[in-house]
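>>> how does the following fold in three dimensions:
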Amino acid sequence: MVTPPLPPAKASADDLLDWYDRHRRALPWRALPGTTPDPYRVWMSEIMLQQTTVRAVKPYFEKFLTLFPTVSDLADAPTDAVMTAWAGLGYYSRARNLHACAKAVVERHGGVFPADESALRALPGIGEYTAAAIASIAFGLPAVVVDGNVERVIARVHAVEEPLPGAKPLIKRLTAAIAPAERPGDFAQAMMDLGATICTPKSPACGLCPWREPCTGRREGTADTFPRKTPKREGVPRRGAAFVALREDGAILLGTREPKGLLGGMAEVPGTVWSSDHDATGVDHGAPLPAAWKRSLGTVTHVFTHFPLELDVHVARIPAGTDAPAGLRWVATTALGGEALPSVMRKVVEHGLAALGVDARQR
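Predicted coordinates for the structure are as follows:
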């Protein structure tokens, strides 16, 4: 008589939590074992980590805690101070939402984050995932937390053939079926750690995984092919011109973008509209003031979520004492570190100053 094969093992929360207790990452926003999580730290880290790596977030998180130790400090801070502290982290609507949320927590909840998932979702910038993460990690509530790491782990464990984003509801149900009633916050963080350190996008370390036995993808040798994804449509490239005006007294001409929209509220050098049909003829096209403008060699490129951008940089030296045009301001190049310049504008400034023979790094 042939003994039938044993049914595949099922993914167990206990196995994952045992692994987490031995291998959990030490992160500046994560409470130590046996200590109570700080909702302010949890919330801030979750907002910063959206579409950004842990390595990139760590210095910004520590900077924000130094500048704004409490949610009330953040709520009371000037918008410019928040945007300047955020500059370089990208996806700047998160910074605006972070500030708005801090104000709402102070105004609506007396400076205390609500221990309720629906109340959290009512706050600016907090969506379904972030509310679940805060609820489970900060308050120990039974919320199902699904980020990119969790999607990858669950898709591999169950060999989910449906591509993302359509598979999101199914993956959430499969995650909920494993999630334990006890230690929901640790379970959520364990799933994140598993995806970040073991079940990585490429070359997953299946031999070290606490779920190697129940994982269908590992068993069938297809783990690294999951999750399936619907091919992204590439955005139409846009072009534009940027104007780096350097006054003889060492000041550069800057403006501030509109509060809403792409890079809203951030500092910028003046320039043209970014469009797919940008007309690059004429170096004075769209210049902020009359000057002997020269187009610098090369271009500045930057890739946003929905489109790639290419900027022609025009430079000019401006006489000392020249007033700034309406809506613009002169800022000393030595003070640029205090400006909320996004990455693309820092590239433009460095490129323009280099074309003018100025080493921006020494200023």
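
>>> OK, contacts around R317?
Each residue near R317 by CB atoms under 8 Å, 6 or more residues apart in numbering is listed here: L246, R247, E248, A291, A292, L356. In this view, the C-beta of every residue, glycine as well, is placed from N, C-alpha and C.

>>> part of a strand, is it?
Yes: checked against DSSP: H, G, I helix; E, B strand; the rest coil, R317 lies within a strand.

>>> bridging residues for it?
In this structure, R317 has beta-bridge partners L246, where bridges are defined by DSSP bridges.

>>> of the contacts of R317, buried ones?
L246, R247, A291, L356 (16 or more other CB atoms under 10 Å).

>>> leaving out the residues flanking it, which one is nearest to the third one?
Once flanking residues are discounted, A291 sits nearest to A316: 3.8 Å by CB to CB, 6 or more residues apart in numbering.

>>> cool, and R121?
Nearest to R121 is A131, by CB to CB, 6+ apart, at 4.3 Å.

>>> rewinding a little: can you lay out the buried ones among the contacts of R317 as a markdown table showing pLDDT and distance to F307?
Shown next, in a markdown table, are those (pLDDT from 0 to 100; distance: CB to CB, whole Å):
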| residue | pLDDT | distance to F307 |
| --- | --- | --- |
| L246 | 95 | 29 |
| R247 | 95 | 33 |
| A291 | 93 | 30 |
| L356 | 90 | 29 |
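
>>> which of those sit farthest apart?
By the measure CB to CB, the buried ones among the contacts of R317 have their two most distant members at A291 and L356, which lie 12.0 Å apart.

>>> any chance you could map the strands in this structure?
With DSSP state E as the definition, the chain shows strands at residue ranges 238-247, 251-256, 267-268, 294-303, 308-318, 329-332.

>>> mean confidence score for the fifth one?
Mean pLDDT, computed over strand 308-318, is 94.

>>> next: the last one.
Over the span of strand 329-332, the pLDDT mean works out to 95.

>>> list the buried residues in that strand.
Neighbour-count burial for strand 329-332, counted by 16+ other CB under 10 Å, picks out W330, V331.

>>> mind listing the strands that strand pairs with, and their directions?
Sheet neighbours of strand 329-332, with direction, are listed as strand 251-256 (antiparallel) (DSSP bridges).

>>> and the strand it pairs with, how far out from the chain's middle?
Distance of strand 251-256 from the chain centroid (CA atoms, centre = their mean, to the nearest Å) equals 26 Å.

>>> quick one: terminal-to-terminal distance for stretch 220-240?
With CA to CA, to the nearest Å as the measure, the first residue of stretch 220-240 is 49 Å from its last.

>>> can you list the residues that contact that stretch?
Counting contacts by CB under 8 Å, 6+ apart, the residues outside stretch 220-240 that touch it are 151-152, 155-156, 159-167, 171, 199, 201-204, 206, 215, 217, 271-276, 278, 280, 304, 306-312.

>>> next one: it to chain centre, how far?
Using CA atoms, centre = their mean, the mean C-alpha position of stretch 220-240 is found 18 Å from that of the whole chain.

>>> and stretch 80-96, by the same measure?
The gap between where stretch 80-96 is centred and where its chain is centred comes out at 10 Å by CA atoms, centre = their mean.

>>> CA atoms only for it, dumped as PDB, please.
Listed in PDB are the C-alpha atoms of stretch 80-96, where the atom choice follows Å, rounded to 0.1, in the frame of the first residue of the first chain:
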ATOM      1  CA  ASP A  80       8.500  76.300   5.100                       C
ATOM      2  CA  ALA A  81      10.300  74.700   7.900                       C
ATOM      3  CA  VAL A  82       8.600  71.400   7.300                       C
ATOM      4  CA  MET A  83       9.100  71.500   3.600                       C
ATOM      5  CA  THR A  84      12.800  72.400   4.000                       C
ATOM      6  CA  ALA A  85      13.300  69.500   6.400                       C
ATOM      7  CA  TRP A  86      11.700  67.200   3.900                       C
ATOM      8  CA  ALA A  87      13.600  68.400   0.900                       C
ATOM      9  CA  GLY A  88      15.300  65.600  -0.900                       C
ATOM     10  CA  LEU A  89      13.100  62.800   0.400                       C
ATOM     11  CA  GLY A  90      10.700  63.100  -2.600                       C
ATOM     12  CA  TYR A  91       6.900  62.700  -3.100                       C
ATOM     13  CA  TYR A  92       6.400  66.100  -1.500                       C
ATOM     14  CA  SER A  93       2.600  65.800  -1.000                       C
ATOM     15  CA  ARG A  94       3.500  63.500   1.900                       C
ATOM     16  CA  ALA A  95       5.200  66.400   3.600                       C
ATOM     17  CA  ARG A  96       2.200  68.600   3.200                       C
END
